[in-house]
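# Could you work out the structure for the sequence below:
(one chain, ligands or ions: 1)
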Amino acid sequence: MIKIKEIPVGNIFSKTSYRGYSYVINPYTGCASGCMFCHACFMQQFTNHIDENWGEFIDVKRWDGIVRTKRTVKDRNILMSTVTDPYNPIEKEYKNTRYILERLQEIGCNLTVCTRSDLVLRDLDILKDMKANVVISVNTLDENFVKGCENTTPIQDRLKALKKLHDEGIYTILSVSPIFPYITDFEEIIETSKDYINEYWFENLNLRQPYKETVLNFIQHTYPEYTEQYNNIYIEKDNEYWFFLKHNIMRYCQKNNLKYKIDFRHS
Ligand code: SF4
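Just a heads-up that it's a prediction; the model follows:
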């Protein structure tokens, strides 16, 4: 059962140094998708949700539509979102992301939208008009793996959404994220999708507290054959796997003339 609250906010823009963007917009606090590996769960500490479980609360940020940032957001690079999914399951009913998109459409800015959901297709009219970029995350083609750790759109529907977006002229980015060691097959994902993807992003699985133990337990029960390797990476802090993977991704993307970005972080 998800606890939903509507919270009025005076400002929806947060300044950021993330990847060349000026501002990020998170239409929600929390995320009803509740992925087991979500790095955004640190938000609980800063938003009075410390006693709740990630995925079981969400605040809908009700913005009045007035831009209060000192520097205008017009023509700026804006990223939506970094610590929630703008198309998480409750967006279908609350349409908060759509409301914000309508305001951004009036203002005019360079928008990049990140999601794990095909609900993004609902807003194709605005995204096309704004010439927005759309990023959809896919870290496996195995639907059972997804069912085990996310409450999101099936992989095949995400891939269909990317194809549709591309066919409609949207710049498509597939984010292979998070890469689960020995499970995520980046070549397989690229080979399946390369006809309709403009750019690939790669992010590693970076396990922090409080979800580190949950993910390691999940691996131990679901993929016991990788327990030792995961302990080596996440307990012994051996980054050799990531070093070689980064090298392989670069070599593969360069050989196949693919546009790509790699963002590996280690706790
Ligand atoms: S959809 Fe994204 S923001 Fe939401 S829980 Fe999953 S990883 Fe976190």
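
# Now do the strands for this structure: every range, in order, please.
3-9, 13-15, 23-25, 28-29, 57-63, 77-80, 110-115, 133-137, 171-179, 199-204, 260-263 (DSSP state E).

# any chance of those in CSV, plus mean neighbour count, mean pLDDT and distance to L216?
Quick note: C-beta positions are derived from backbone N, CA and C, even for glycine. CSV is the format used below for the strands of the chain (neighbours: other CB atoms under 10 Å; pLDDT from 0 to 100; distance: least, CB to CB, whole Å):
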stretch, mean neighbour count, mean pLDDT, distance to L216
strand 3-9, 12, 96, 28
strand 13-15, 15, 95, 31
strand 23-25, 22, 97, 30
strand 28-29, 23, 96, 27
strand 57-63, 20, 97, 24
strand 77-80, 22, 98, 30
strand 110-115, 22, 98, 26
strand 133-137, 23, 98, 21
strand 171-179, 22, 98, 14
strand 199-204, 20, 98, 15
strand 260-263, 15, 97, 22
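
# Redo the ones you listed as CSV? Include distance to F244.
Formatted as CSV, these follow (distance: least, CB to CB, whole Å):
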stretch, distance to F244
strand 3-9, 43
strand 13-15, 35
strand 23-25, 32
strand 28-29, 37
strand 57-63, 39
strand 77-80, 30
strand 110-115, 27
strand 133-137, 23
strand 171-179, 12
strand 199-204, 12
strand 260-263, 13
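
# Can you get me a residue count around whichever residue of the stretch 51-200 of the chain sits closest to the ligand?
Here the stretch 51-200 of the chain gets closest to the ligand at one residue, D85, 3.6 Å apart by CB to the nearest ligand atom. Close neighbours of D85, defined as other CB atoms under 10 Å, add up to 28.

# who's in contact with it?
31, 33, 114-117, 152 (CB atoms under 8 Å, 6 or more residues apart in numbering).

# rewinding a little: how about the strands of the chain in a markdown table, adding distance to the ligand?
Below are these laid out as a markdown table (distance: least, CB to the nearest ligand atom, whole Å):
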| stretch | distance to the ligand |
| --- | --- |
| strand 3-9 | 15 |
| strand 13-15 | 15 |
| strand 23-25 | 12 |
| strand 28-29 | 9 |
| strand 57-63 | 10 |
| strand 77-80 | 12 |
| strand 110-115 | 7 |
| strand 133-137 | 7 |
| strand 171-179 | 8 |
| strand 199-204 | 10 |
| strand 260-263 | 15 |
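
# Tell me the buried residues in the lowest-mean-pLDDT helix or strand in the chain?
Within the chain, no helix or strand scores below helix 43-46, which has a mean of 83 by mean pLDDT, DSSP states H and E. Neighbour counts using 16 or more other CB atoms under 10 Å place 43-44 of helix 43-46 among the buried residues.

# Quick one: distance of it to the chain centre.
The chain centre lies 18 Å from the centre of helix 43-46; the measure is CA atoms, centre = their mean, to the nearest Å.

# what sits up against that helix?
With CB under 8 Å, 6+ apart as the criterion, helix 43-46 contacts 29-30, 49-50, 52, 54, 83.

# pull the CA atoms of it into PDB?
These are the backbone C-alpha positions of helix 43-46, laid out as PDB (Å, rounded to 0.1, in the frame of the first residue of the first chain):
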ATOM      1  CA  MET A  43      16.000  11.000  -0.200                       C
ATOM      2  CA  GLN A  44      14.100   9.400   2.700                       C
ATOM      3  CA  GLN A  45      16.600  11.000   5.100                       C
ATOM      4  CA  PHE A  46      15.900  14.600   3.800                       C
END
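
# That one and the ligand, any residue contact?
No. Using CB under 6 Å from any ligand atom, helix 43-46 never reaches the ligand; the gap is at least 9.4 Å.

# Of the contacts of helix 43-46, select the buried ones using a PyMOL command.
Entered in PyMOL, the line below selects the buried ones among these, by 16+ other CB under 10 Å:
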select buried, resi 29+30+49+54+83
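
# Now, the contacts of helix 43-46 that are in helices?
Of the contacts of helix 43-46, none are assigned to helices by DSSP state H.
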